[in-house]
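Student: 3D, please:
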Amino acid sequence: MSIIYFLIGCSILLALVFLGAFFWAQRHGQHDDLYTPSVRILLDDEPREEEK
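Tutor: Below is the predicted model of the structure:
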């Protein structure tokens with residue numbers, strides 16, 4: 001039965017780590033550019049030199 005308490009504690013700790021990483025990413029502007037990824041597929045890439 002004590003293993004269940006250990007696993008619950010580990011899962012709460014892991015959830016707090018992921019929550020902290022999410023807030024860190026928000027604070028450092030990781031989700032600011034919402035436009036570029038949606039149009040990147042529409043832009044043609046220039047062929048590399050060895051492909052010409």
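
Student: all helices for this protein, in order.
Tutor: 2-27, 36-39 (DSSP state H).

Student: what distance do you get for Ala21 to Leu13?
Tutor: According to C-beta to C-beta, to the nearest Å, Ala21 stands 13 Å off from Leu13. (C-beta placed from N, C-alpha, C; glycine too.)

Student: next one: Thr36
Tutor: Distance from Thr36 to Leu13, by C-beta to C-beta: 35 Å.

Student: where does the prediction get shaky in this protein?
Tutor: By pLDDT under 70, the weakly predicted segments of the chain are 47, 50-52.

Student: ok, 90 please
Tutor: Scanning the chain for pLDDT under 90 picks out the ranges 1, 26-52.

Student: sorry, back to before: in a markdown table: the helices of the chain, plus mean neighbour count and distance to Asp45.
Tutor: Output for these, formatted as a markdown table (neighbours: other C-beta atoms under 10 Å; distance: least, C-beta to C-beta, whole Å):
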| stretch | mean neighbour count | distance to Asp45 |
| --- | --- | --- |
| helix 2-27 | 10 | 28 |
| helix 36-39 | 8 | 13 |
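
Student: mind putting the ones you listed into a markdown table with distance to Glu49?
Tutor: Converted to a markdown table, those look like this (distance: least, C-beta to C-beta, whole Å):
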| stretch | distance to Glu49 |
| --- | --- |
| helix 2-27 | 36 |
| helix 36-39 | 26 |
